[in-house]
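Peer 1: this one's sequence-less:
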């Protein structure tokens, strides 16, 4: 990647700053040769969980690629369209990256017995997984169907895991390019549930050091490897490549609510930045860190203006900064043909599921009217079926807008062609049809943190026969498929992260890859009037 002068100076300054504070003079960086990288989309090769070994550990294996499955739920595909079509726009969607401060006192890993999202063995590697995905997207660079340059990258929320300042900065810096260090508190050691401190050792969590004289943890019993030194390697600074395209973002419930469920309060913030962490073995003293502070919506929006990437703000506007909102529009494609309407589907009153406030819904209705001469792609964190959160304070002046009402509004505008979202950590594609014919496609994409750790390239084409096709292609990050022998550098660490995710005990009965119709697909729909004229 060729860095701009601004990015180059920022990267150099960050490296110097890290060295001055920590004594580190060399960053964890490795050359990624073509043989190392997947280097292609799932049209050529898919990654699958392999057969379980004696203790249950499963390798990741390669399978045959999946061509696009044509879905004609909304319009019949017409023969010969492949020779007629012209590209309209290509972009990439990244969702649920969940950059985790795994040492934060505010995290509640003990809830793992109730929720698979409270703790994951790969959470110390989320920055490295994101970096491996960025490098892969850069390597692909174009839509695999049309060959059109990727015009933008769009994050659809849960960019951070706990809504903390440091997690938010790590995410921005990963996408911009520069120095990233997924570490907090005491920069000389890891302080969390995975270390080998005998006083607080808890066998319900994976301990990669596998200390002698202590009970074997449940992950080791399930075949998880022993990887001494991991908790040091994962905290080393590394040089992020940064996306070679403009990137935009949206809020998710983990960005606006701590642990994705709870409203930020002053007492919660005091815990986050403090030196006390509750564990199953009692209260543990850890190193306090002010960079773990919880961000308000306005503060999180403002952080996106401190960037070396483009556009400044990454979609958020000065108006968003002033009033604490996080919804906006952006036009892309030839003559701005495609309008993205990015929504904030987080309910600020708590709860993991989504909804819209009435003011935002009224704004959306106006934007849809104003975009009558464009194709419209709506984007937010929550899909329609998880927009069920009607929570409001007692005496609130109006109800929240839920998924069914939003679908109804979008169906009223024939130029709405797609709604792109995340949250479920599972690939799903649904057709929303109008009684008179046509409709729009809802494209829900899996996460970076859970298996299968995928993004999605979306290409829009005019078939010049009264129909439009939207090609959706899954992308695996570019880390090695096999267990790495060494853990130096972000890409090798990302390879381990994918294997850990594939073997997470609480995920073995869940197929987040989705069904065949939810992955590589051609989605056909009637061409809106703006293309027919």
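Peer 2: Done, it's in. All figures in this text were calculated on a predicted structure; none of them were measured in a lab.
Peer 1: which residues does residue 158 contact?
Peer 2: Residues counted as contacts of residue 158 (CB atoms under 8 Å, 6 or more residues apart in numbering) are 95-98, 252-255, 260, 381, 422-423, 447. Backbone N, C-alpha and C define where each C-beta goes, glycine included.
Peer 1: at 7 Å what do you get?
Peer 2: Contacts for residue 158 (CB atoms under 7 Å, 6 or more residues apart in numbering) come out as 96-98, 252-255, 381, 422.
Peer 1: Next: residue 454.
Peer 2: Contacts for residue 454 were tallied using CB under 7 Å, 6+ apart; they are 446, 474-476.
Peer 1: please redo it, this time with the cut-off set to 6 Å
Peer 2: Counting by CB atoms under 6 Å, 6 or more residues apart in numbering, residue 454 makes contact with 446, 474, 476.
Peer 1: so what's the last one bridging to?
Peer 2: Looking back up the chat, that one is residue 476. In this structure, residue 476 has the following beta-bridge partners (DSSP bridges): residue 454.
Peer 1: you'd agree it is up against residue 45?
Peer 2: No: with contact taken as CB atoms under 6 Å, residue 476 and residue 45 are classed as non-touching, separated by 8.2 Å.
Peer 1: quick one, which of these two is more surrounded?
Peer 2: More neighbours sit around residue 476 than around the other of residue 476 and residue 45, counting by other CB atoms under 10 Å; the figures are 24 against 17.
Peer 1: Do you know the pLDDT at that one?
Peer 2: In the prediction, the pLDDT value recorded for residue 476 is 97.
Peer 1: ditto for residue 10
Peer 2: Residue 10 is assigned a predicted lDDT (pLDDT) of 35.
Peer 1: try the one 10 residues further on
Peer 2: Residue 20 carries a pLDDT value of 33.
Peer 1: Touching stretch 258-265 from outside, list them.
Peer 2: By CB under 6 Å, 6+ apart, stretch 258-265 touches 106, 162-163, 253-254, 268, 294, 350, 352.
Peer 1: That stretch spans what distance, first to last residue?
Peer 2: End-to-end distance for stretch 258-265: 10 Å, by CA to CA, to the nearest Å.
Peer 1: got it, and stretch 291-309?
Peer 2: Counting by CA to CA, the terminal residues of stretch 291-309 are separated by 22 Å.
Peer 1: Stretch 508-522 too?
Peer 2: From the first residue to the last, stretch 508-522 extends over 29 Å; the measure is CA to CA.
Peer 1: buried ones in it?
Peer 2: For stretch 508-522, the buried set under the neighbour-count rule, 16 or more other CB atoms under 10 Å, comprises 512-514, 518-522.
Peer 1: Filter these down to just the ones in helices.
Peer 2: Here DSSP state H is the test, and the buried residues of stretch 508-522 give no hits in helices at all.
Peer 1: Could you tell me which of the residues you listed belong to strands?
Peer 2: Secondary structure assignment by DSSP state E places 521-522 of the buried residues of stretch 508-522 in strands.
Peer 1: Please enumerate the strands of the stretch 351-500 of the chain.
Peer 2: Counting by DSSP state E, counting those that start in this stretch, residue ranges of the strands within the stretch 351-500 of the chain are 375-379, 416-421, 428-433, 439-444, 454-462, 467-476.
Peer 1: Any chance of a markdown table for those strands, columns distance to residue 399?
Peer 2: Formatted as a markdown table, the entries for the strands of the stretch 351-500 of the chain read as follows, by distance: least, CB to CB, whole Å:
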| stretch | distance to residue 399 |
| --- | --- |
| strand 375-379 | 21 |
| strand 416-421 | 21 |
| strand 428-433 | 22 |
| strand 439-444 | 23 |
| strand 454-462 | 32 |
| strand 467-476 | 32 |
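Peer 1: Can you check which of those strands gets nearest to residue 394?
Peer 2: Residue 394 sits nearest to strand 416-421 of all the strands of the stretch 351-500 of the chain, at 29.8 Å, using CB to CB.
Peer 1: which neighbours does the closest one have in its sheet, and in what orientation?
Peer 2: According to DSSP bridges, the neighbouring strands of strand 416-421, each with its direction, are strand 375-379 (parallel), strand 439-444 (parallel).
Peer 1: ok, residues contacting it?
Peer 2: Defining contact as CB under 6 Å, 6+ apart, one finds that strand 416-421 is touched by 93, 156, 375-380, 383, 410, 440-444, 470.
Peer 1: Most neighbours among the contacts of stretch 258-265, which one?
Peer 2: Of all the contacts of stretch 258-265, the most densely surrounded is residue 163 (32 neighbours; neighbours counted as other CB under 10 Å).
Peer 1: burial of residue 483, as a residue count?
Peer 2: Neighbours of residue 483 under the rule other CB under 10 Å: 14.
Peer 1: Tell me how far it lies from residue 53.
Peer 2: Counting by CB to CB, to the nearest Å, the gap from residue 483 to residue 53 is 12 Å.
Peer 1: got a pLDDT number for the nearest residue to residue 147 once chain neighbours are set aside?
Peer 2: Ranked by CB to CB, 6 or more residues apart in numbering and with sequence neighbours excluded, the top spatial neighbour of residue 147 is residue 87, at 7.9 Å. You'll see residue 87 listed with a pLDDT of 98.
Peer 1: just the contacts of residue 454 now: which is nearest residue 344?
Peer 2: Each of the contacts of residue 454 was scored against residue 344 by CB to CB, and residue 446 proved nearest at 21.4 Å.
Peer 1: Is it correct that the closest one is in contact with residue 427?
Peer 2: Yes: the pair residue 446 / residue 427 is scored as a contact, 4.9 Å apart, by CB under 6 Å.
Peer 1: Which helix or strand contains the residue of the chain positioned farthest from its centre?
Peer 2: Of all residues in the chain, residue 213 sits farthest from the chain's C-alpha centroid, using CA atoms, centre = their mean; the distance is 38.8 Å. Secondary structure here is read from DSSP states H and E; on that basis residue 213 sits in neither a helix nor a strand.
Peer 1: roughly how far apart are the closest residue to it other than its chain neighbours and residue 159?
Peer 2: For residue 213, ignoring the flanking residues on the chain, the nearest one in space by CB to CB, 6+ apart is residue 198 at 7.8 Å. Applying CB to CB, one obtains 36 Å for the distance of residue 198 from residue 159.
Peer 1: And the two? Which one has more around it.
Peer 2: Neighbours per residue, other CB under 10 Å: of residue 198 and residue 159, the larger number sits with residue 159, 30 against 9.
Peer 1: Tell me which helix or strand residue 227 sits in.
Peer 2: Element membership for residue 227, per DSSP H and E: none, as it lies in no helix or strand.
Peer 1: list the contacts for it?
Peer 2: Residue 227 makes contacts with residue 208, as judged by CB under 6 Å, 6+ apart.
Peer 1: Just the pLDDT for the closest residue to residue 183 other than its chain neighbours.
Peer 2: Closest residue to residue 183 in three dimensions, ignoring its sequence neighbours and counting by CB to CB, 6+ apart: residue 235, at 3.9 Å. At residue 235 the predicted local confidence, pLDDT, stands at 98.
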